[in-house]
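>>> structure here, sequence nowhere to be found:
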């Protein structure tokens, strides 16, 4: 069946280091979304990418949608302790459009 | 404030007991969802509803039941048939059910309910 995979599952960085999480879909996606879940919290929508090769930035966060619309990445420059949490990518299912989520990448930042 | 309200935040269930998690939204969203979150497994879809009085099974519906009698409400019952119910349960909603290309499938989550079997 359709799958969305994320790597790595965990990432531990020193504050100030960069961080990247990768998302790969088994099928072409019409769009991809990214969510952030703080420890003990609930997922919160960050951004949606729709176009092939699209790149969007939110301050220190850079989101990219692959040319084939099957992969995506989230890159954080110079991580801060406020970046701690789990980052999920999600894409619509081929049938019905409901989102299918990746397993998430848990980021911890050591001050 | 507009949003999704889940209750209770923490719930303890005895073996063989049914429990119901409440979810209410005032965002005027048509679609509502229930997800289960276990460590390292991301979010798994339990049930979803695209319109009042209609709902569909998700990927892990066994041992759960839902109802959608009102647009604002989508309660989830965890039945005694669910053998491993301890988890974090997230209710969510979106504007447009079934859209594949628009922002209508962006999901807004409630704060979640922690269910523990004792």
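Arrived safely. None of these values were measured; they are calculated from a predicted model.
>>> tell me how far the most centrally placed residue in chain B lies from residue B:48.
Residue closest to the average C-alpha location in chain B (Cα atoms, centre = their mean): residue B:34, at 2.2 Å. Here residue B:34 is placed at a distance of 7 Å from residue B:48 (Cβ to Cβ, to the nearest Å). For the C-beta atoms, the positions are set from N, CA and C on the backbone; glycine is no exception.
>>> overlap in contacts, these two.
Applying Cβ atoms under 8 Å, 6 or more residues apart in numbering or on different chains, one finds that residue B:34 and residue B:48 are jointly contacted by residue B:58.
>>> and the helix or strand bottoming out on mean pLDDT in chain A, what other elements does it pack with?
Ranking every helix and strand in chain A by mean pLDDT, DSSP states H and E puts strand A:99-101 at the bottom, with a mean of 91. Where contact means 3 or more Cβ pairs under 8 Å, 6 or more residues apart in numbering or on different chains; DSSP states H and E, strand A:99-101 is packed against strand A:85-92.
>>> now do the contacts for residue 4.
Let's take chain A. A:23-26, A:89-91, A:100-102.
>>> please go with chain B instead
Contact analysis of residue B:4 by Cβ under 8 Å, 6+ apart lists B:23-25, B:27, B:91-93, B:108-111.
>>> from the residues you listed, list the buried ones, please.
Listed as buried from the contacts of residue B:4 are B:23-25, B:91-93, B:108-110; burial here means 16 or more other Cβ atoms under 10 Å in any protein chain shown.
>>> please enumerate the strands of the chain.
Chain wasn't specified; assuming chain A. For chain A, applying DSSP state E gives strands covering A:4-7, A:10-14, A:19-25, A:32-37, A:43-49, A:55-58, A:61-65, A:71-76, A:85-92, A:99-101, A:105-110.
>>> please go with chain B instead
B:4-7, B:10-13, B:19-25, B:31-37, B:43-51, B:54-57, B:64-66, B:76-78, B:87-94, B:108-109, B:113-117.
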